[in-house]
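Trainee: Pasting the sequence and the predicted coordinates here, then a few questions.
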Amino acid sequence: MTGGAGGRGSGAGGDDETIVRTTGVDSTHPTPDPRPPTPKEHSFAIAVENVSKNYRLWGRRSQFATLKSALLKRDLKLDPDASVPALKHVSFAIDRGEAFGIIGRNGSGKSTLLKIISGILKPSSGRVTVVGRVAALIELGAGFHPEITGRENIYINGIMLGLTRREIDRRFDSIVEFSGIGPFIDQPVKTYSSGMYVRLGFAVAVHVDPDILLIDEVLSVGDEEFSQKCVAKIQEMKYRGVTLIFVTHQLDQVRTLCDRALWLDKGQPHAIGDPVRVVDQYLQEVAGNRMAGSEHRIGMDLPAPEAEPESANAAEQAPMRDPLEEERWGSGEVILKSVSLVDGKGRELVALGAGTAVSIEIDVEVRVPQDDFVFGIGIYHADGNCVYGTNTDLEGLVSKRLDRDGRVRFVMRSLDLVAGSYRVDAAVHMRNGRAFDYRRGCVRFVVGSRVHDVGVYRPQHEWLFDGGIAFDAVDTLKRDVPAPIAEYIRESESTPPPSKPNRRK
């Protein structure tokens, strides 16, 4: 199941060596990627430049031909009857530490692209540059010898991925513990179930300390417990700066785990960018509700890859989008006409204090009645980190009908946030994630506070002290000044001012 691209040098200097692998052939087709790779600087982890891959198709007459039959018939024709393009002029770059998802229908070229990146296949044209050690989970059972034991396969796969036997010895117990198949580790792999294959393959791949981890749809084979374990491990690796590439039909994982996503359609890039928008665009296409009329368009579609600037100069001349500008997309069958943050008296807020009771009010317009719908809310810090998010489906509310206009109120008795700038995202979508109307950054507000605590959430709390621990309370109105200055102010306020000397007239 695991496959490697590039090994490591042995000895003391092996861990410090940078592995760079470039495969492919030159192509005269212009590269549409607005971020051309710079291999000398290695600012990326993976650069795919104008990659195409063709598979040969053999007719019935030549399908069963042998060398003997060809010699007897004096027909040495070796040309295929036809060829089919699996990938056509694919270009993109993946930064170091980025989580990148690849989605699309079956047969769109996702697995072929992953095999080319891993070095299993070579492109028909174009070039792929990979910087770092690669661990790949490509196909169920790939890289395992069925006749030998799981223990022996761990050592073989570890060596293929560039580890020494001593390094594998140190990690062996961790690999077996993570896989959860310890009682069967000395049994032939051919006796393993598909789930056991996945467990062992993933455990090996994540314990060889790869720079790049490629994951095909194999994780869908495992049970729920192991899948959650894998997601937690993937998040840990992402935090450590490992570059992750997913090929999956589990779109929720793409939304939550990935920084960017690529939608492949019939071997060509259809959309690339923000995973939420790319997934929604894909779901709209699958549902057959892609709106062509301007009367139903509520947001700007993602630009197609071929429409992106073809040079750095063109990219510089393109107008920059205001980061404070609202983004909006969806099918338009249900519209969120207005979204506002209000207090208990219905007054709209743009600034508030920590712990204020607020509500998010959403006016809904129904253009097409629905029986499958979910309302969702997300609160984000100005730096993009999610503070809190939920929706009606997560909280056990089953949709019944949505047949006329109405209002949704999300009531928060106390919005306990620390000082800072925040935004609100609001959405109405189907249970599978297909958006009717998704509004990102539709509300922006500022939380003010006298206390300069850190983070995003401020729980209701108090300090209690016993024994020989004592503090002097400082007026809360002056808590925004450093402690020495606050103490000076306290002392100056507690000391009566000196009496003024009497002056003789």
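Mentor: Done, it's in. The model shown is predicted, which means the values in this text are computed figures rather than measured ones.
Trainee: pLDDT below threshold where in the chain?
Mentor: Along the chain, the model assigns pLDDT under 70 to residues 1-21, 24-42, 58-81, 139-143, 218-222, 289-324, 474-505.
Trainee: Tell me which stretches of it form helices.
Mentor: Listed in chain order, the helices of the chain (DSSP state H) span 60-63, 67-72, 110-118, 150-160, 165-179, 194-206, 224-239, 251-257, 275-287, 312-317, 483-494.
Trainee: May I see these organised as JSON lines, with distance to residue 269 and mean neighbour count added?
Mentor: Every residue, glycine included, has its C-beta placed from N, CA and C. Compiled in JSON lines, those are given as follows (distance: least, Cβ to Cβ, whole Å; neighbours: other Cβ atoms under 10 Å):
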{"stretch": "helix 60-63", "distance to residue 269": "33", "mean neighbour count": "10"}
{"stretch": "helix 67-72", "distance to residue 269": "40", "mean neighbour count": "10"}
{"stretch": "helix 110-118", "distance to residue 269": "10", "mean neighbour count": "24"}
{"stretch": "helix 150-160", "distance to residue 269": "31", "mean neighbour count": "20"}
{"stretch": "helix 165-179", "distance to residue 269": "35", "mean neighbour count": "15"}
{"stretch": "helix 194-206", "distance to residue 269": "26", "mean neighbour count": "23"}
{"stretch": "helix 224-239", "distance to residue 269": "23", "mean neighbour count": "15"}
{"stretch": "helix 251-257", "distance to residue 269": "15", "mean neighbour count": "19"}
{"stretch": "helix 275-287", "distance to residue 269": "10", "mean neighbour count": "20"}
{"stretch": "helix 312-317", "distance to residue 269": "17", "mean neighbour count": "10"}
{"stretch": "helix 483-494", "distance to residue 269": "56", "mean neighbour count": "11"}
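Trainee: list the contacts for residue 251?
Mentor: With contact taken as Cβ atoms under 8 Å, 6 or more residues apart in numbering, residue 251 is in contact with 103, 279, 282-283, 432-433.
Trainee: Turn those into TSV, columns for distance to residue 174.
Mentor: Conversion of those to TSV gives the following (distance: Cβ to Cβ, whole Å):
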residue	distance to residue 174
103	32
279	34
282	37
283	39
432	37
433	35
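Trainee: closest to residue 355 among these?
Mentor: residue 433 (33.3 Å; Cβ to Cβ).
Trainee: From residue 385, how far out is the closest one?
Mentor: 21 Å (Cβ to Cβ, to the nearest Å).
Trainee: Among the two, which residue is more densely surrounded?
Mentor: Comparing residue 433 with residue 385 by other Cβ atoms under 10 Å, the one with more neighbours is residue 433, at 19 against 8.
Trainee: in terms of contact, does the more buried one touch residue 254 like I think?
Mentor: No - checked against Cβ atoms under 8 Å, the pair residue 433 and residue 254 is beyond contact range at 9.7 Å.
Trainee: Residue 226 contacts residue 180, correct?
Mentor: Yes - judged on Cβ under 8 Å, residue 226 makes contact with residue 180 at a distance of 7.1 Å.
Trainee: So which of the contacts of residue 251 is the closest to residue 49?
Mentor: residue 103 (21.5 Å).
Trainee: May I have the beta-bridge partners of the closest one?
Mentor: Judged by DSSP bridges, the bridge partners of residue 103 are residue 263.
Trainee: what separates the nearest residue to residue 199 once chain neighbours are set aside from residue 444, distance-wise?
Mentor: Excluding the flanking residues, the one nearest residue 199 by Cβ to Cβ, 6 or more residues apart in numbering is residue 179, at 4.3 Å. Note on residue 179: its distance to residue 444, by Cβ to Cβ, is 47 Å.
Trainee: re the thing from before, with distance to residue 330 as extra columns, can I get the helices of the chain in a markdown table?
Mentor: What follows is the helices of the chain, written out as a markdown table (distance: least, Cβ to Cβ, whole Å):
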| stretch | distance to residue 330 |
| --- | --- |
| helix 60-63 | 48 |
| helix 67-72 | 59 |
| helix 110-118 | 25 |
| helix 150-160 | 45 |
| helix 165-179 | 40 |
| helix 194-206 | 35 |
| helix 224-239 | 27 |
| helix 251-257 | 15 |
| helix 275-287 | 7 |
| helix 312-317 | 28 |
| helix 483-494 | 51 |
